[in-house]
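# Provided below are the primary sequence and the corresponding predicted coordinates.
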Amino acid sequence: MPTLFRFVFFIGFLAALGVGGMYALTIFVEPEPREISQRIPTRDLFGNN
């Protein structure tokens with residue numbers, strides 16, 4: 001039974017690290033807005049006739 005508890009605590013610890021990492025990313029990383037332009041071929045605009 002102690003092995004099961006160790007496994008559960010280890011999985012919980014890994015989950016806590018993952019959640020903490022995601023939280024840190026939302027707090028400390030600010031995305032930079034920028035314009036994106038992409039050329040679309042004319043044949044794709046009017047469909048395949």
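Great, that's in hand.
# what about the most centrally placed residue in the chain, which helix or strand?
Note on the chain: the residue nearest the mean C-alpha position is Met22, at 8.3 Å, using CA atoms, centre = their mean. Assessed by DSSP states H and E, Met22 sits inside helix 2-28.
# Show me how far that helix is from its chain's centre.
16 Å (CA atoms, centre = their mean, to the nearest Å).
# Please pull up the helix or strand immediately following that helix.
Next along from helix 2-28, by DSSP H and E: helix 42-45.
# Contacts for that following helix, please.
Contact with helix 42-45 is made by no outside residue, as judged by CB atoms under 8 Å, 6 or more residues apart in numbering. Where you see a C-beta, it was placed from the backbone N, CA and C, and this is true even at glycine.
# CA atoms only for it - export them in CSV, please.
Extracted C-alpha coordinates of helix 42-45, given in CSV (Å, rounded to 0.1, in the frame of the first residue of the first chain):
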residue,chain,number,x,y,z
THR,A,42,-7.7,33.8,-57.0
ARG,A,43,-8.8,30.3,-58.1
ASP,A,44,-9.4,29.4,-54.4
LEU,A,45,-11.6,32.5,-53.9
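# so how far is that helix from its chain's centroid?
For helix 42-45, the distance to the chain centre is 33 Å (CA atoms, centre = their mean).
# Could you list the buried residues of it?
By 16 or more other CB atoms under 10 Å, helix 42-45 has no buried positions at all.
# again with stretch 33-42
Applying 16+ other CB under 10 Å to stretch 33-42 flags no residue as buried.
# Report how far apart the opening and closing residues of it are.
28 Å (CA to CA, to the nearest Å).
# measure the residue nearest to the centre of the chain to Val29 for me?
11 Å (CB to CB, to the nearest Å).
# what residues are shared contacts of these two?
Joint contacts of Met22 and Val29 (CB under 8 Å, 6+ apart) do not exist.
# need the helix or strand of the protein with the lowest average pLDDT.
helix 42-45 (a mean of 80; mean pLDDT, DSSP states H and E).
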